[in-house]
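Peer 1: Predicted coordinates and the sequence they were generated for:
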Amino acid sequence: MTEKKGPLAGIRVIEMEGIGPAPFCGMHLADLGADVILVERKVKGTDPGSTMPIGILKRGKRSIALDLKDADDKAILLDLVASADALIEGMRPGVMERLGLGPEVCHQRNPALVYGRITGWGQEGPLSQAAGHDINYVALSSAGWYAGPTSGVPLPPPAMVGDLGGGANYLTIGILTGIIQARATGKGDVVDAAIVDGAAHMMNLIFDLLPKGLMKQERGVSALDGAPWYGTYRCADGEHITVGSLEPKFYAELLQRLGLGNDPVFAKQFNQEDWPQQARKFAELFASEPCAHWCTLLEGTDACFAPVTSPESAMEHPHNKARGIFEDSKGYQQANPAPRFTASPAATAAAPPEHDEHRQEILDELGAAKRR
């Protein structure tokens, strides 16, 4: 096994094959140095569709294919559990129990195991057995309420708020918290990471602003949801830019750089009666020049500005290039590991494994562990 680098080196996580937030959590842990062993389904015959295609979410992991209905393969999985700090699975509630691999069984083999479970609706509740996707969990949690202009329908960005923000990130936090606890007490735990829970939890910032009057229940009438100086505008070339000049000093700089400092229409930043006229003037002004013009004028200033980039153009932006945020050395675009650490930096984005690539290596390790 190649020695892992990063702050999580020495931690082993078993990931049950799935889609979406659970694999993202596994990727994130692998990015930061954990030894993530991906348990994939065995290929049936030569059907190429029997396994998930190689992709970014598999990067940095090791792969072993098992048939969990086979007694010998189930025994291998339980041996892996005995060697691990954590297990993550994203199946519907009850599936792992029916396979004879639920938390109770796994804790018999490894009392310190952190058993991480991620679902949309949670392990319990009236909707726990219902199918759903990111857009549904975000909707029910209220996290999708402000996603979109007043005149349009709410439409949150795909997978970001629910699957990744409220799901994978909360599972990652739960896994690491559980490992810290287990190392202190010797006792593992079960992490119930429901996407609807996490998405609702992220709304606490908004819930904090509501009673203060800084956000309102109505869409499109608040500082972060409708103010002309906190929004997106179309440029002459069809590209878009954003301004987020929330604080008065940043608002003043935006006006000064746009030559609007003495325009009476913009004199009262928080007067909502002036917002429609301010929005019209901003829209007309930004539409008069291409995006590059506004980047030259505003980017890097305290006007709180950024162009709206596509995945392709984001790679070429000077700031992103300077920080090495993206890379495409493997023939496809991906974002490099985050966050960054000074004392124990993580390795750069690793290649994903072939299906069942590390089977013999993992079995040899398990055999050596039994002999010790």
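Peer 2: Received, thanks.

Peer 1: I would like the residues contacting stretch 279-296, please.
Peer 2: Applying CB atoms under 8 Å, 6 or more residues apart in numbering, the external contacts of stretch 279-296 come out as 228-229, 231, 233-237, 239-241, 243, 258, 260, 263, 265-266, 305, 307. Bear in mind the C-beta positions are built from the backbone N, C-alpha and C, glycine included.

Peer 1: which among those residues end up buried?
Peer 2: When the contacts of stretch 279-296 are checked for burial by 16 or more other CB atoms under 10 Å, the buried set is Pro228, Trp229, Gly231, Tyr233, Cys235, Glu239, Ile241, Val243, Leu258, Phe266, Phe305, Pro307.

Peer 1: give me the number of residues near Glu97?
Peer 2: When neighbours are counted by other CB atoms under 10 Å, Glu97 registers 13.

Peer 1: And the host helix or strand of it, how far out from the chain middle?
Peer 2: Element membership of Glu97, judged by DSSP states H and E, is helix 95-98. Centroid displacement of helix 95-98 relative to its chain, using CA atoms, centre = their mean, to the nearest Å, is 26 Å.

Peer 1: Same question for stretch 62-72.
Peer 2: Between the centre of stretch 62-72 and the centre of its chain there are 28 Å (CA atoms, centre = their mean).

Peer 1: Contacts for it next, please.
Peer 2: Contacts made with stretch 62-72 from outside it, assessed by CB under 8 Å, 6+ apart, are listed as 1, 35-43, 51, 73-74, 76-77, 80, 99, 101, 353-359, 361-363.

Peer 1: if we can go back for a sec, tell me the one of the buried ones among the contacts of stretch 279-296 nearest Ala147?
Peer 2: Gly231 (13.6 Å; CB to CB).

Peer 1: Quick check: closest non-adjacent residue to Leu127.
Peer 2: With CB to CB, 6 or more residues apart in numbering as the criterion, Leu127 has its nearest non-adjacent residue at 4.1 Å, and that residue is Trp121.

Peer 1: show me the contacts for that neighbour.
Peer 2: For Trp121, the set of contacting residues under the criterion of CB under 8 Å, 6+ apart consists of Leu127, Ser128, Ala130, Gly132, Tyr137, Ala194, Ile195, Val196.

Peer 1: Nearest residue to the residue nearest the centre of the chain in space, please, no chain neighbours.
Peer 2: Against the mean C-alpha coordinate of the chain, by CA atoms, centre = their mean, the closest residue is Leu164 at 3.1 Å. When the adjacent residues along the chain are set aside, Leu164 lies closest to Phe24, with 5.9 Å between them (CB to CB, 6+ apart).

Peer 1: which outside residues touch the helix or strand encompassing that neighbour?
Peer 2: Taking DSSP H and E as the criterion, the element that holds Phe24 is helix 21-31. Contacts of helix 21-31 from elsewhere in the structure, counted by CB under 8 Å, 6+ apart, are 6, 8, 11, 13, 15-17, 36, 38, 56-61, 88-90, 116, 118, 163-164, 167-169, 171-172, 175, 195, 337-338, 346, 349-350.

Peer 1: still on that earlier bit, ok, which pair from the buried ones among the contacts of stretch 279-296 is furthest apart?
Peer 2: Taking every pair in the buried ones among the contacts of stretch 279-296 and measuring CB to CB, the maximum separation is 23.9 Å, between Glu239 and Phe266.

Peer 1: sorry, back to before: filter the buried ones among the contacts of stretch 279-296 down to the ones in helices?
Peer 2: Assigned to helices by DSSP state H, the following of the buried ones among the contacts of stretch 279-296 qualify: Leu258.

Peer 1: and Leu80, what does it touch?
Peer 2: With CB under 8 Å, 6+ apart, Leu80 has these contacts: Ile14, Ile37, Val39, Ile64, Ile362, Leu366.
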